[in-house]
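# sharing a sequence plus its predicted fold:
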Amino acid sequence: MKRQSETRNRTKGWFTLVEIIVAMAIMIFVALIIASASMTFYNAWRRSVRISDLLKTYQTIDRIMDNCVRNMIPFTWRDEDLNQERVVFKGEPDSIHFTALRRAYRNDKGALIFLRIKVENEQLVAEYSQYPRLQWNEDDSEQNSYTREVLADRVRSITFRYATEENDELVWNDTWEEDLNLNVSRTNPRPAIPNSSRTFLIPIAVQMTVEWTDGRKEIWLRRTAGNSKNTQLLL
């Protein structure tokens, strides 16, 4: 009797094979639930970070388009080689060089800002200068002192289009060529050509298409400030 009781007491401290299998199944089930919840949380976090980064990028580009492109004005500077006034503007299919008005603060050099927007090494870049940057004198070392800002990463390309008005119709151009035959002066920035349909020193509007490396495309369109015969004061 004593041996049987001792054997019965020893078997009470052990688990049966069925109990072990059930316990392992429960542990695996709980681990799967935890892993699934963790993966769901991680995916949601990644989507949130991606959307936040996209919104931040879009807001940065919106800021440039609203504060700079929308405030673009015709600004002239004398080209000593040609001995005539020229508009500080250059519109190419993949870059733009222009002058814009801005709010001036105490330490600023003035209310004008000179910009260039382009793509370098899969980055959308804006270059700023408080001093005139002349598209016909880009090699001058004095013109190369500018502030550089990266607006967006992973950008494959950008495409600009420039709007003008011809015969009361809106026409889009891939480039904006300067007409050096225009008689432009600081006091009379409007071209002195009677009955001319093109009375624009800069485009009416600028459209920028950004293509990212993942294939996405976004389009920004802004009307410029000093752009046409309808916005110029004739004295």
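That came through, no problem. Numbers count the residues shown, from 1 in each chain.
# can you give me the helices in this protein?
Secondary structure of the chain (DSSP state H): helices located at 2-11, 17-64.
# among these, which is nearest Asn167?
Taking Cβ to Cβ, helix 17-64 is the member of the helices of the chain nearest to Asn167, at 32.2 Å. C-beta: built from backbone N, CA, C; applies to glycine.
# identify the bridge partners of Leu170.
Per DSSP bridges, the residues bridged to Leu170 are Glu165.
# any idea how far it is from Pro203?
Note on Leu170: its distance to Pro203, by Cβ to Cβ, to the nearest Å, is 11 Å.
# picking that back up, ok, which of the helices of the chain comes nearest Trp77?
Comparing the helices of the chain by their distance to Trp77 (Cβ to Cβ), the top pick is helix 17-64, with 22.7 Å.
# the closest one: how far from the chain's middle?
30 Å (Cα atoms, centre = their mean, to the nearest Å).
# which regions of the protein lie under the pLDDT threshold?
1-13, 15, 107-109, 139-145, 179-200, 226-235 (pLDDT under 70).
# any chance you could map the strands in it?
Taking DSSP state E, the strands of the chain run over residues 76-79, 84-87, 90-92, 95-101, 112-120, 123-129, 147-153, 155-166, 169-173, 205-212, 217-223.
# so Leu170 and Pro203 - more neighbours on which side?
Between Leu170 and Pro203, counted using other Cβ atoms under 10 Å, the more crowded position is Pro203 (26 against 10).
# what's the local residue count around the nearest residue to the more buried one once chain neighbours are set aside?
Of all residues not flanking Pro203 in the chain, Tyr162 sits nearest, at 3.9 Å (Cβ to Cβ, 6 or more residues apart in numbering). Neighbours of Tyr162 under the rule other Cβ under 10 Å: 24.
# got it, and Glu218?
Glu218, neighbours per other Cβ under 10 Å, totals 14.
# how about Ile202?
By the measure other Cβ under 10 Å, the count of residues near Ile202 is 24.
# Asn71 versus that one, what's the distance?
Here the distance between Ile202 and Asn71 works out to 11 Å (Cβ to Cβ).
# what sits in contact with each of those two?
When contacts are counted by Cβ atoms under 8 Å, 6 or more residues apart in numbering, the set common to Ile202 and Asn71 consists of Thr224.
# now stretch 61-76: how far from the chain's centre is it?
Chain-centre distance of stretch 61-76: 13 Å, with Cα atoms, centre = their mean.
# nope, stretch 219-227 is what I meant
15 Å.
# same deal with stretch 103-114?
Put simply, stretch 103-114 sits 22 Å off its chain's centre (Cα atoms, centre = their mean).
# isn't Trp67 up against Arg102?
Small correction: residue 67 is Asn, not Trp. Yes - using Cβ atoms under 8 Å, Asn67 is in contact with Arg102, at 6.9 Å.
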